[in-house]
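Asker: next come a sequence and a model predicted from it.
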Amino acid sequence: ETGVTQTPRHLVMGMTNKKSLKCEQHLGHNAMYWYKQSAKKPLELMFVYSLEERVENNSVPSRFSPECPNSSHLFLHLHTLQPEDSALYLCASSQGTSGGAGGELFFGEGSRLTVL
Amino acid sequence: GQNIDQPTEMTATEGAIVQINCTYQTSGFNGLFWYQQHAGEAPTFLSYNVLDGLEEKGRFSSFLSRSKGYSYLLLKELQMKDSASYLCAVMGSGGYQKVTFGTGTKLQVIP
């Protein structure tokens, strides 16, 4: 139990569907992240939110749309995805400071997405 | 840009010691992390180094040389439960907003 909860854990969707991934953190952290994890590839940073403001968008296609309504919740809205988008999507949170280990990431269990 | 290299796979024997290396080239440096990820689970924090030297935490130790762009994770008295992927990650000049991960080293511990 890391204090970061993701739902759903598994999602299968067609290319024309619209779905959302949800993340909630109970750690009082100020920063939240979406990462994509594909087989044999490094964790890819997608989005970073600090105090509900998006501070990083790592050239992610517009078919992925993040939303951070407050510092505890983060969503990833998905629409018209491609089969190559199939991956494990990890949410994480951190204190949101670069001093010391303030950048330590606390990850959720991930949402395994399959696009047919 | 940022580049992080670590071996893809390693195998070691239960009870032995294993060293997992990580080399990096980054624009700026604000610290290096090691994470452990068991199959089907979330990555979990193991260590953080920002100054040169060795940080020891129980059976696990992490070393950093900033001048060489090099770190290693040392696991002692290996147990079967240590079979996992070990991810090296660097916090560059972008600070906490820009943590870059290596591909991870999959460690298999055998009896």
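Answerer: Sure, I can see it.
Asker: by mean pLDDT, which helix or strand of chain A comes out lowest?
Answerer: strand A:53-57 (a mean of 76; mean pLDDT, DSSP states H and E).
Asker: got the phi and psi for the residue in chain B positioned nearest to chain A?
Answerer: Here chain B gets closest to chain A at one residue, B:G95, 3.4 Å apart by C-beta to the nearest C-beta. Placement of C-beta: from N, CA and C, glycine included. Backbone geometry at B:G95, expressed as degrees, to the nearest 10, gives phi 70, psi -150.
Asker: give me the neighbour count for it.
Answerer: By other C-beta atoms under 10 Å in any protein chain shown, 18 other residues sit near B:G95.
Asker: ok, now which ones touch the nearest residue in space to B:N30 that is not next to it in sequence?
Answerer: Once flanking residues are discounted, B:N30 sits nearest to B:M91: 4.2 Å by C-beta to C-beta, 6 or more residues apart in numbering or on different chains. Taking C-beta atoms under 8 Å, 6 or more residues apart in numbering or on different chains, we find B:M91 in contact with A:S98, A:G103, B:F29, B:N30, B:G31, B:L32, B:F33, B:K98, B:V99.
Asker: and of the residues you listed, the nearest to B:L78?
Answerer: The nearest member of these to B:L78, counting by C-beta to C-beta, is B:F33 at 21.3 Å.
Asker: thinking again about what came up before, need the phi and psi values for the residue nearest to B:N30.
Answerer: Main-chain torsions, B:M91, degrees, to the nearest 10: phi -100, psi 110.
Asker: check B:M80 too.
Answerer: According to degrees, to the nearest 10, B:M80 has phi -60, psi -30.
Asker: can you read off the pLDDT for it?
Answerer: pLDDT recorded at B:M80 is 97.
Asker: wait, it touches B:E14, no?
Answerer: Yes - contact criterion C-beta atoms under 8 Å: B:M80 and B:E14 qualify, at 6.1 Å.
Asker: okay, B:G28: pLDDT?
Answerer: If you check B:G28, the pLDDT there is 86.
Asker: for the closest residue to it other than its chain neighbours, what are its contacts?
Answerer: Spatial nearest neighbour of B:G28, excluding adjacent residues (C-beta to C-beta, 6+ apart): B:S93 at 2.5 Å. Taking C-beta under 8 Å, 6+ apart, we find B:S93 in contact with B:T26, B:S27, B:G28, B:F29, B:N30.
Asker: list the contacts of the least confident helix or strand in chain B by mean pLDDT.
Answerer: When the helices and strands of chain B are compared on mean pLDDT, DSSP H and E, strand B:99-101 comes out lowest with a mean of 89. For strand B:99-101, contacts defined as C-beta under 8 Å, 6+ apart pick out A:42-43, A:45, A:103, A:105, B:2, B:4, B:26, B:33, B:87-92.
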